[in-house]
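# Need the 3D shape of this:
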Amino acid sequence: MHVTVRNGVASLTGMVLNRAAMVEAVEDAYDGGARKVRNRLQLFRHEERPWAEMSDRSLAKAVRGEISWSPFVDGDPIRVEACQGVVTLQGSVENRSEMAAAVDNAYEAGARRVNNQLRIQN
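Just a heads-up that it's a prediction; the model follows:
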């Protein structure tokens, strides 16, 4: 990721691992005093990602961030835990589509594997 600042306008370019990192970069630019932020950051596709060791706490936070941004998942009833790159999702979802989206979100955030314990509500 690259940041340039000119006349109070921060321009963010490059690649980030997930939406949570993108949001954090924009917030950091504003916190640093930028009046305006031009967000030109792009997400790595899952298969392009450089492998990076992420703490379990950071991974769980990134998964929660991905789920909270998803228009396809109601993240409130979903619990997220991470252990050595494996993310466990627990709770309930409305349907199979929401379940699949939550699992996809976990991989997008950087999970190496997902233990899907989500239940579909009756």
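# quick one, phi psi at the residue in the chain sticking out farthest from the centre?
Note on the chain: the largest C-alpha distance from the chain mean falls to N7, namely 30.4 Å (Cα atoms, centre = their mean). N7 adopts backbone torsions of phi 50, psi 40, taken as degrees, to the nearest 10.
# so A10 is in which element?
For A10, the host element (DSSP states H and E) is strand 9-16.
# tell me which residues of that strand are tucked away?
With burial defined by 16 or more other Cβ atoms under 10 Å, the residues of strand 9-16 counted as buried are 10-12, 16. (Glycine included, C-beta is placed from N, CA and C.)
# okay, the lowest-mean-pLDDT helix or strand in the chain in PDB with CA atoms only?
Of all the helices and strands that make up the chain, helix 19-31 has the lowest average by mean pLDDT, DSSP states H and E, namely a mean of 87. Taking Å, rounded to 0.1, in the frame of the first residue of the first chain, the C-alpha atoms of helix 19-31 are listed here in PDB:
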ATOM      1  CA  ARG A  19     -12.100  -4.900   3.500                       C
ATOM      2  CA  ALA A  20     -11.300  -4.400   7.200                       C
ATOM      3  CA  ALA A  21      -7.700  -3.400   6.200                       C
ATOM      4  CA  MET A  22      -9.100  -1.000   3.600                       C
ATOM      5  CA  VAL A  23     -11.400   0.700   6.100                       C
ATOM      6  CA  GLU A  24      -8.600   0.900   8.700                       C
ATOM      7  CA  ALA A  25      -6.300   2.600   6.100                       C
ATOM      8  CA  VAL A  26      -8.900   5.200   5.300                       C
ATOM      9  CA  GLU A  27      -9.600   5.800   9.000                       C
ATOM     10  CA  ASP A  28      -5.900   6.100   9.700                       C
ATOM     11  CA  ALA A  29      -5.500   8.700   6.900                       C
ATOM     12  CA  TYR A  30      -8.300  10.800   8.400                       C
ATOM     13  CA  ASP A  31      -6.800  10.400  11.900                       C
END
